[in-house]
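Enquirer: take a look and give me a structure for this.
(chains A and B)
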Number of protein chains: 2
Amino acid sequence: MPKVAEILIARGEGFVTEVTGEVMLLFGGFAGDRHFSLTRASCSRTPWHPRGTPIANTRQISIVSVEECALVAAAMGVSRIYPSWLGANLATKNIAELSTLPPSTRIIFPSGATLFITEENVPCKHPGKVIAQEYGHPELAGEFVKAALHRRGLLALVEREGLINTDDRLRLVIPRRRAE
Amino acid sequence: MPKVAEILIARGEGFVTEVTGEVMLLFGGFAGDRHFSLTRASCSRTPWHPRGTPIANTRQISIVSVEECALVAAAMGVSRIYPSWLGANLATKNIAELSTLPPSTRIIFPSGATLFITEENVPCKHPGKVIAQEYGHPELAGEFVKAALHRRGLLALVEREGLINTDDRLRLVIPRRRAE
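Expert: Below you'll find the model as predicted:
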């Protein structure tokens, strides 16, 4: 049964997020999260727009799985990687290979609140720096991007508003795969 | 070179759209289009929500290709199917197999205006009724859904605002395919 392992929020200026018990999903993201907005400024993730251009925020929520975090930790030779170190907003458990879920998959919470998957998250360098600092091994900083490829989780926008809680059961609606 | 074949707008109450020369893309869709909105009421397309629930509008723009319209026409044994009959907002030319472009593909116009593909459009019954009426052959109504499967085009949201014009050249940014 897919479930919510952790809900996390970006309150301050840093990259890492803090675990919290419940949060309200609103159109635009997590209420109170630093990334909450229907639009955002274009960044290095969207190099086809000049930096700073207002664009639709299709990266409202960052989702990772505890299983993939464990795989990345093993690949980097460390005991554990916490979702907060990855700046995640939501950590799931019991979804095998979360990162392989296709865009337009819906993740539905018991309240009816729903996330719409926009795209897979491509690993960047920030989490490697956090992991290196946490373990006091600077050489780990450069290993994250390769270790986390296709294990970095997903990005989503809020399709339907509602409250979500730690330990919520999750229903997935996965789009039909095209017959090859 | 991928280009804009037609720009179409839904002005009134009906399903069909009207050809227009240019249009402003705004966050929420085409300025002046009946479907313009950042949110919409849940419908039969989103049966996992109660009908009428406010949800994010990830179906702002309907895109078809003139090449796929010709394939659907051939499959139905009619001479032509116009994008307006499908309720499309944008018809492209010179994009082979438009419907196979994956979600999160960006379609970028010369002004910088950009569409973000949210999902493939699954054929419904409405266009079949229009085509049957146009040709005066009621038996065509039931043939569209099968004939148009994986040729019905794509749905998009506006990633970046700007003016778009008929005959604009289009740049595609297609996400990296996962190594199998």
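Enquirer: any idea how far residue A:16 lies from chain B?
Expert: Taking Cβ to the nearest Cβ, to the nearest Å as the measure, residue A:16 falls 26 Å from chain B. (C-beta placed from N, C-alpha, C; glycine too.)
Enquirer: any idea how far that residue lies from residue A:36?
Expert: Separation of residue A:16 from residue A:36 (Cβ to Cβ, to the nearest Å) stands at 17 Å.
Enquirer: okay, now residue A:18: neighbour count?
Expert: For residue A:18, the tally of surrounding residues (other Cβ atoms under 10 Å in any protein chain shown) stands at 12.
Enquirer: same question, residue A:80
Expert: Neighbourhood size, residue A:80 [other Cβ under 10 Å]: 13.
Enquirer: ok, now residue A:169?
Expert: Here the number of neighbours of residue A:169 (other Cβ under 10 Å) works out to 12.
Enquirer: who touches it in this structure?
Expert: By Cβ atoms under 8 Å, 6 or more residues apart in numbering or on different chains, the residues touching residue A:169 are A:1, A:2, A:3, A:110.
Enquirer: mind doing that once more with 10 Å?
Expert: Residues near residue A:169 by Cβ atoms under 10 Å, 6 or more residues apart in numbering or on different chains: A:1, A:2, A:3, A:4, A:94, A:108, A:109, A:110.
Enquirer: pull out the buried members of those.
Expert: Among the contacts of residue A:169, those buried by neighbour count (16 or more other Cβ atoms under 10 Å in any protein chain shown) are A:2, A:4, A:108, A:109.
Enquirer: just to check, the first one is in contact with residue A:168?
Expert: Yes. In this structure residue A:2 lies within contact range of residue A:168 using Cβ atoms under 10 Å: 9.5 Å.
Enquirer: quick check: neighbours shared by these two?
Expert: Taking Cβ under 10 Å, 6+ apart as the contact rule, residue A:2 and residue A:168 both touch residue A:92.
Enquirer: quick check: beta-bridge partners of residue A:20?
Expert: Residue A:20 has these beta-bridge partners by DSSP bridges: residue A:7.
Enquirer: the one 5 residues further on now?
Expert: When assigned by DSSP bridges, residue A:25 has beta-bridge partners residue A:30, residue A:162.
Enquirer: roughly how far does it sit from residue A:102?
Expert: 21 Å.
Enquirer: tell me which of these two has more neighbours.
Expert: Taking neighbours as other Cβ under 10 Å, residue A:25 and residue A:102 compare with residue A:25 leading, 26 against 18.
Enquirer: correct me, but the more buried one touches residue A:60?
Expert: Yes. In this structure, residue A:25 is within contact of residue A:60 by Cβ under 10 Å, at 9.1 Å.
Enquirer: who touches both of those two?
Expert: Common neighbours of residue A:25 and residue A:60 are listed as A:89, A:115, A:156, A:158 (criterion: Cβ under 10 Å, 6+ apart).
Enquirer: hmm, residue A:125 is touching residue A:145, no?
Expert: Yes. The pair residue A:125 and residue A:145 qualifies as a contact (Cβ under 10 Å) at a distance of 6.4 Å.
Enquirer: out of those two, which sits in the busier spot?
Expert: A count of neighbours by other Cβ under 10 Å puts residue A:145 above the other of residue A:125 and residue A:145, at 15 against 10.
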